[in-house]
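Undergrad: here are the coordinates; sequence isn't available:
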């Protein structure tokens, strides 16, 4: 288990279920009414069960399936699942571990995989992947469960991806909270002529099922290969920002504000932490950065950044990481637009965790520049960690902070 996530996972319990969890990992039924519905009803019977976006996945241990395939959009979900599923973390069982591998900007992205775990003695495989990845393992599943969230376009991308890659006769179970739009999603699927079977309703959530047939309905999907012309202070970039990546199709206000206040970038080693589509990294490269490392916990974001930074194969790298876990080396300048929400839950204190990760890789004399909502207490976070905090600009409800280590008293 990686250091940053291991420090955040704590023993949790709910109605007889026990697991290691955190506010930063999906899959906690105390906060997830849809998962509560699934657990009350019980996991569907299957021989080879696939599960998508079930967070820590501790619940899959109660499945009677002979084999389990867990697919996670985010690195920390995979790592937490690995921990809860009892998958042995040794080099012989890890291929492309998030802790050790970073992709070059010209490389292709293969799903991160961890296997040879055991569910009651049966094989368990865990992947970090996006709905744009080809997942040959899906063809072996007779049952697949998908937990949807509020991004309806991304939900459609997952349904389309799963439906295309599942075998004929396999059943797809889709569940989510009513606030996530599960009822509307069910109606839209049915409007395509697919036979939809309501499975359960309750806990402010719904669960429906459909069986894969030989017919191929056309899902009205958003353009996954969406190219967007993004205007920044460093120039206009033609970028690929698919649905499901932060600020898809546009430059958000906070990032724009940070790009106006990057400071001296030329010849520096830079880390774009939480890179999304790589807009900040691309801007730093245009300004002559010596080396830029862009990292994100999202498989889809990493896929996007690899594409958008491909023009700089000698100076750019992209990695799939949870915070700083597995990141190599120190950096002169760390640039970031940190999140503070997990779905509808506010993670007000997440900024301190974020800064701890930054400090692990901040070179002597280096600095951190980040943008955040103005009400977040980054000045206090900085003080607690021995950092000097300077507000560079405040506008439109955002602040750009310059953070440096305080000078030691002689």
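TA: Received it, and whenever you're ready, just let me know what you need. This is a predicted model, so every value here is computed, not measured.
Undergrad: which parts of the protein are helices?
TA: 3-8, 33-41, 75-85, 152-165, 182-190, 253-259, 279-286, 299-308, 350-359, 378-384 (DSSP state H).
Undergrad: could I get those as CSV with distance to residue 371?
TA: C-beta here means a position set from N, CA and C on the backbone, and glycine is covered the same way. Shown next, in CSV, are the helices of the chain (distance: least, CB to CB, whole Å):
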stretch, distance to residue 371
helix 3-8, 22
helix 33-41, 32
helix 75-85, 22
helix 152-165, 24
helix 182-190, 33
helix 253-259, 4
helix 279-286, 10
helix 299-308, 17
helix 350-359, 12
helix 378-384, 10
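Undergrad: what residue ranges in the stretch 1-150 of the chain score low on pLDDT?
TA: The model of the stretch 1-150 of the chain has pLDDT under 70 over residues 1-3, 86-122.
Undergrad: ok, back up a step: now the helices of the chain in CSV, with mean neighbour count and distance to residue 369?
TA: Putting these into CSV (neighbours: other CB atoms under 10 Å; distance: least, CB to CB, whole Å) gives the following:
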stretch, mean neighbour count, distance to residue 369
helix 3-8, 17, 21
helix 33-41, 19, 37
helix 75-85, 27, 24
helix 152-165, 20, 29
helix 182-190, 16, 40
helix 253-259, 21, 7
helix 279-286, 26, 10
helix 299-308, 27, 19
helix 350-359, 20, 10
helix 378-384, 17, 12
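Undergrad: I'd like to know which of these lies nearest to residue 18.
TA: Minimum separation from residue 18 across those (CB to CB) falls at helix 75-85, 9.3 Å.
Undergrad: so the closest one versus helix 299-308, what angle?
TA: 140 degrees (axes from the mean of the first three to the mean of the last three CA atoms, to 10 degrees).
Undergrad: what about the residue lying closest to residue 362 once chain neighbours are set aside, neighbour count?
TA: Nearest non-adjacent residue to residue 362, counting by CB to CB, 6 or more residues apart in numbering: residue 334, 6.2 Å away. Neighbours of residue 334 under the rule other CB atoms under 10 Å: 26.
Undergrad: and for the one 5 residues further on?
TA: By other CB under 10 Å, the residues close to residue 339 number 16.
Undergrad: looks like residue 66 contacts residue 47 (just checking).
TA: Yes: Residue 66 is within contact range of residue 47, at 4.9 Å (criterion: CB atoms under 8 Å).
Undergrad: mind jotting down where the strands sit in the stretch 201-350 of the chain?
TA: Taking DSSP state E, counting those that start in this stretch as the criterion, the stretch 201-350 of the chain carries its strands at 205-211, 227-232, 235-240, 269-273, 291-296, 316-320, 331-336, 341-342, 345-346.
Undergrad: any stretches of the stretch 301-410 of the chain with poor pLDDT?
TA: Using pLDDT under 70, the stretch 301-410 of the chain drops low at 342-345, 407-410.
Undergrad: gap between the residue nearest to residue 362 and residue 32?
TA: 32 Å (CB to CB, to the nearest Å).
Undergrad: what of residue 285?
TA: Distance from residue 285 to residue 32, by CB to CB: 39 Å.
Undergrad: cool, and residue 244?
TA: For residue 244 relative to residue 32 (CB to CB), the value is 19 Å.
Undergrad: before we move on, what about residue 199?
TA: Relative to residue 32, and taking CB to CB, residue 199 is found at 17 Å.
Undergrad: go on, residue 278?
TA: Separation of residue 278 from residue 32 (CB to CB): 30 Å.
Undergrad: the two: who's more crowded?
TA: Regarding residue 278 and residue 32, a neighbour count based on other CB under 10 Å identifies residue 278 as having more, with 31 against 23.
Undergrad: can I assume that one is in contact with residue 311?
TA: No: contact criterion CB under 8 Å: residue 278 and residue 311 do not qualify, at 11.0 Å.
Undergrad: looking at the protein, which strand is longest?
TA: Criterion DSSP state E: the longest strand present in the chain is strand 362-373.
Undergrad: packing partners of that one?
TA: helix 253-259, strand 331-336, helix 350-359, strand 398-405 (3 or more CB pairs under 8 Å, 6 or more residues apart in numbering; DSSP states H and E).
Undergrad: I'd say residue 299 and residue 76 touch.
TA: No: between residue 299 and residue 76 there is no contact under CB under 8 Å: 11.7 Å.
Undergrad: which of the helices and strands packed on strand 362-373 sits closest to residue 70?
TA: helix 350-359 (24.4 Å).
Undergrad: which residues does the closest residue to residue 368 other than its chain neighbours bridge with?
TA: Distances taken as CB to CB, 6+ apart put residue 403 closest to residue 368, at 4.1 Å, once the chain neighbours are dropped. Per DSSP bridges, the residues bridged to residue 403 are residue 368, residue 389.
Undergrad: what number of residues lie near residue 403?
TA: Count around residue 403 with other CB under 10 Å applied: 23.
Undergrad: ok, it - contacts?
TA: 355, 358, 367-370, 378, 382, 387-390 (CB atoms under 8 Å, 6 or more residues apart in numbering).
Undergrad: tell me the spacing between it and residue 309.
TA: Residue 403 is 25 Å from residue 309, by CB to CB.
Undergrad: same thing with residue 143?
TA: Between residue 143 and residue 309 the computed distance is 38 Å (CB to CB).
Undergrad: kindly report the same for residue 295.
TA: Distance of residue 295 to residue 309, given as CB to CB: 12 Å.
Undergrad: mutual contacts of those two, please.
TA: With CB under 8 Å, 6+ apart, residue 295 and residue 309 have common neighbours residue 318.
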